[in-house]
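**Student:** Just the structure for this:
(one chain, ligands or ions: 3)
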Amino acid sequence: MSATLSAQYSLTIRVEIDHRPGMLGQVATAIGHAGGTIGAVDLVDVTDAHTLRDITVDAADQDHWQGILEAIEALPSAHVVDTTDRTFLLHMGGKIEQRNKVPIATRDDLSMAYTPGVARVCSAIAADRDKAFQYTIKRNTVAVVSDGTAVLGLGDIGPEAAMPVMEGKAMLFKEFAGVDAFPICLATKDPDEIVATVRAIAPGFGGINLEDISAPRCFEIEERLKADLDIPVFHDDQHGTAIVTLAALLNATRLIGKEMVALRVVVVGLGAAGVAVTKILLEAGVEHVIGCDSRGAVHTERGDYLDGSMTPIKRWYAEHSNPERRDGGPADVVDGADLFVGLSGARVMPPEALARMNRDAMVFAMANPTPEVSPEEAARYARIVATGRSDYPNQINNVLAFPGIFRGALDVRSPQITEEMKLAAARAIAAIVAENELREDYIIPSVFNRDVAPAVASAVAEEARRAGIATAGEQIGFAAADAGRIHAI
Ligand SMILES: NC(=O)c1ccc[n+]([C@@H]2O[C@H](COP(=O)([O-])OP(=O)(O)OC[C@H]3O[C@@H](n4cnc5c(N)ncnc54)[C@H](O)[C@@H]3O)[C@@H](O)[C@H]2O)c1
Ligand SMILES: O=C(O)C[C@H](O)C(=O)O
Ligand SMILES: [Mg+2]
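**Tutor:** Residues are numbered from 1 along each chain as shown. Ligands and ions are numbered 1, 2, ... in the order given. As a prediction, the model looks like this:
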């Protein structure tokens with residue numbers, strides 16, 4: 001079995017096995033021959049005739065599961081009683097919950113936390129709206145808002161189906177930066193309604209993280225909310241991705257010894273992420289980019305540019321890229337490129353085409369959950385390979401950015417996240433990988449590196465102070481989050 005085994009496809013198999021010596025060994029051997037790897041083995045029940053065991057097995061995919069189950073069933077001494085998909089089990093009832101920070105055990109507790117005492121706090125906030133940051137969850141709370149239209153690379157799957165991803169983002173906010181985040185999935189795709197809804201819920205939040213809202217609506221929604229609200233609004237798929245991609249590229253170019261200005265870059269997928277990545281690369285000094293949407297390379301002589309049917313953001317793209325006005329799909333325009341950036345969908349890039357890239361080629365194939373080209377295949381042609389996948393080195397994922405970005409912005413109560421704050425975040429992520437640690441398979445820190453979010457937070461807060469947009473001087477975040485509670489001062 002050459003396919004990658006993954007905890008994503010971890011199955012607990014309840015097996016009834018004849019109660020005789022060596023029978024468990026037969027089951028284990030059958031699973032091994034079918035290519036599964038065994039994790040935990042638990043004894044559930046024993047009778048004179050049988051043992052009942054739960055055997056946890058990692059597989060490559062659902063077909064592989066089937067093969068493993070058939071291999072067990074083929075044994076005369078064993079019988080599969082039940083199976084549990086551990087990924088679904090983990091999602092049972094959702095992944096997050098709300099918790100209270102103060103006890104409500106006595107009448108006194110109640111009269112302070114709730115009426116009548118709470119009324120004095122309400123009045124104080126009514127007299128000075130700013131006090132909401134001091135006496136409510138606002139100071140540490142972010143809304144993760146999606147309309148379910150561009151969920152990972154799964155596309156428009158609707159708000160209910162988007163919830164597991166948004167709950168996951170909320171977990172990551174809490175885990176890496178102590179930020180309380182709420183998943184909010186909206187049953188509308190209308191930009192006016194989304195903007196009105198987010199504006200209406202904003203009083204309870206210290207920041208708005210837009211997530212998995214498809215292009216081009218995401219650009220307008222973010223711009224309008226930024227203009228309307230006095231708290232940071234950040235579309236993660238645009239800016240989180242851009243920041244992390246730039247961080248990876250800063251280190252990759254250091255390793256191969258090329259300047260940004262000399263790079264020829266091909267970006268495939270000109271949605272939220274692809275456009276934002278292009279913009280940050282241009283800000284960082286890249287000059288030569290070709291972008292491909294699903295109709296091929298974008299340029300100012302393409303039919304939809306000439307007849308005016310191209311969207312405004314792609315018109316901008318056409319005017320800032322592809323100076324030679326090259327035509328064709330990703331496999332055509334990748335000739336002579338130094339960097340391939342994929343932010344489109346599964347397997348859109350034929351691996352052999354990567355052979356026509358320049359020496360020391362870099363391939364960042366970032367579509368989730370399945371990249372544009374498998375990293376194993378890309379590694380045959382490219383010197384540096386990165387994907388959004390967690391089971392391969394160089395995982396480029398926006399989780400390296402958004403927790404620390406919001407931590408830093410909340411800490412200093414910055415009303416916005418500026419371009420300079422994004423660049424500071426990218427440099428902070430890149431700098432986690434020390435000069436002497438840089439390698440082809442280590443251009444970006446692990447998403448589990450606990451130094452990343454604090455480094456990003458302090459770079460972002462520092463930049464906000466430098467720009468004079470920090471409205472609170474004290475860093476309150478990590479210490480308070482570690483203590484599990486934030487005290488009103
Ligand atoms: N690794 C990360 O951190 C990360 C971050 C953000 C997005 N992504 C991934 O990037 C992809 C795009 O996300 P998005 O938020 O920009 O979505 P989006 O819907 O805004 O954009 C996707 C774009 O890809 C284009 N596309 C689809 N198939 C294509 C093809 N064959 N050739 C060229 N273009 C094609 C679509 O037309 C669309 O414009 C998704 O797979 C997502 O999971 C990864
Ligand atoms: O959700 C992720 O893991 C990354 C990104 O936000 C995506 O939409 O793919
Ligand atoms: Mg996303």
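
**Student:** Identify the residues contacting G36.
**Tutor:** 5, 57-59, 64, 68 (CB atoms under 8 Å, 6 or more residues apart in numbering). All C-beta spots, glycine's among them, are computed from the backbone N, C-alpha and C.

**Student:** Report the buried members of these.
**Tutor:** 5, 57-59, 64, 68 (16 or more other CB atoms under 10 Å).

**Student:** Any chance of CSV for those residues, columns distance to ligand 2?
**Tutor:** Formatted as CSV, those follow (distance: CB to the nearest ligand atom, whole Å):
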residue, distance to ligand 2
L5, 21
V57, 25
D58, 21
A59, 22
H64, 23
I68, 28
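
**Student:** Return the subset of the residues you listed lying in helices.
**Tutor:** 64, 68 (DSSP state H).

**Student:** out of the buried ones among the contacts of G36, what pair is the most spread apart?
**Tutor:** Using CB to CB, the buried ones among the contacts of G36 span at most 10.9 Å, a distance reached by L5 and I68.

**Student:** Distance check, whichever residue of the stretch 251-400 of the chain sits closest to ligand 2 against ligand 1.
**Tutor:** Closest residue of the stretch 251-400 of the chain to ligand 2, CB to the nearest ligand atom: N368 (3.7 Å). The spacing between N368 and ligand 1, counted by CB to the nearest ligand atom, to the nearest Å, is 3 Å.

**Student:** thought that residue was touching V151?
**Tutor:** No. Between N368 and V151 there is no contact under CB atoms under 8 Å: 9.5 Å.

**Student:** Give me the more crowded residue out of the two.
**Tutor:** Using other CB atoms under 10 Å as the criterion, N368 and V151 rank with V151 on top: 25 against 17.

**Student:** any idea of the mean pLDDT for the host helix or strand of C122?
**Tutor:** Using DSSP states H and E, the element containing C122 is helix 117-127. For helix 117-127, the mean pLDDT works out to 97.

**Student:** from the chain's centre, how far out does it sit?
**Tutor:** Relative to the chain's own centre, helix 117-127 is displaced by 38 Å; criterion: CA atoms, centre = their mean, to the nearest Å.

**Student:** same thing with stretch 389-409?
**Tutor:** With CA atoms, centre = their mean, you get 7 Å for stretch 389-409.

**Student:** on that earlier part again, can you put the contacts of G36 in CSV and add pLDDT?
**Tutor:** What follows is the contacts of G36, written out as CSV (pLDDT from 0 to 100):
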residue, pLDDT
L5, 70
V57, 96
D58, 94
A59, 94
H64, 94
I68, 97
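
**Student:** Nearest to ligand 1 among these?
**Tutor:** Nearest to ligand 1 among these, with distances taken as CB to the nearest ligand atom, is L5, at 21.7 Å.

**Student:** List the residues that contact that closest one.
**Tutor:** Residues near L5 by CB under 8 Å, 6+ apart: 35-37, 58-60.

**Student:** gap between the residue lying closest to it once chain neighbours are set aside and M163?
**Tutor:** Once flanking residues are discounted, L5 sits nearest to D58: 4.6 Å by CB to CB, 6 or more residues apart in numbering. Going from D58 to M163 by CB to CB, to the nearest Å gives 26 Å.

**Student:** do the same with L152
**Tutor:** For L152, the distance to M163 equals 13 Å [CB to CB].

**Student:** Give me the more crowded residue out of these two.
**Tutor:** M163 (19 against 16).

**Student:** Could you grab the helix/strand/coil label for the more buried one?
**Tutor:** Here M163 is recorded as helix under DSSP: H, G, I helix; E, B strand; the rest coil.

**Student:** Repeat that for G240.
**Tutor:** Under three-state DSSP, G240 comes out as helix.

**Student:** so it sits right up against P403, yeah?
**Tutor:** No. Contact between G240 and P403 fails when scored by CB under 8 Å: they sit 9.6 Å apart.

**Student:** Spatially nearest residue to I469 (excluding sequence neighbours)?
**Tutor:** S414 (5.3 Å).

**Student:** near ligand 3 too, which of the contacts of G36?
**Tutor:** For ligand 3, no contacts are drawn from the contacts of G36 by CB under 5 Å from the ion.

**Student:** Among the residues you listed, find me the one that's closest to K169.
**Tutor:** K169 has its nearest neighbour among these in D58, at 25.2 Å by CB to CB.

**Student:** How much space separates the closest one from ligand 3?
**Tutor:** 26 Å (CB to the ion, to the nearest Å).

**Student:** A355 and V265: what is the separation?
**Tutor:** 18 Å.

**Student:** and if you look at F448?
**Tutor:** From F448 across to V265, the span is 29 Å (CB to CB).

**Student:** If you count neighbours, what's buried in the host helix or strand of K174?
**Tutor:** Secondary structure from DSSP H and E places K174 in helix 159-177. Residues 159, 162-163, 165-170, 172-173, 176-177 are the ones in helix 159-177 that count as buried (16+ other CB under 10 Å).

**Student:** Out of those, which comes closest to ligand 3?
**Tutor:** Among those, V165 lies closest to ligand 3 (CB to the ion), at 6.9 Å.

**Student:** How about the contacts made by the residue nearest to the closest one when sequence neighbours are not counted?
**Tutor:** Counting by CB to CB, 6+ apart, V151 is the residue found nearest to V165 once chain neighbours are left out, at 5.7 Å. Residues in contact with V151 (CB under 8 Å, 6+ apart) are 157, 161-162, 165, 212.

**Student:** Equivalent analysis for H288, please.
**Tutor:** 263-265, 323 are the contacts of H288 under CB under 8 Å, 6+ apart.

**Student:** repeat for F176
**Tutor:** Counting by CB under 8 Å, 6+ apart, F176 makes contact with 399, 403-404, 450, 452-453.

**Student:** try it again with 10 Å
**Tutor:** 399-400, 402-404, 407, 447-450, 452-454, 456-457 (CB atoms under 10 Å, 6 or more residues apart in numbering).

**Student:** quick one, strands of the chain?
**Tutor:** For the chain, the strands defined by DSSP state E cover 6-18, 37-46, 50-59, 78-85, 141-146, 180-185, 207-210, 233-235, 264-268, 288-293, 296-297, 339-342, 362-365, 384-387.

**Student:** Now do the fourth one: which elements does it pack against?
**Tutor:** When contacts are defined as 3 or more CB pairs under 10 Å, 6 or more residues apart in numbering; DSSP states H and E, strand 78-85 packs onto strand 6-18, helix 23-33, strand 50-59, helix 62-73.

**Student:** Mind putting the ones you listed into JSON lines with distance to G328?
**Tutor:** Compiled in JSON lines, those are given as follows (distance: least, CB to CB, whole Å):
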{"stretch": "strand 6-18", "distance to G328": "34"}
{"stretch": "helix 23-33", "distance to G328": "46"}
{"stretch": "strand 50-59", "distance to G328": "39"}
{"stretch": "helix 62-73", "distance to G328": "35"}
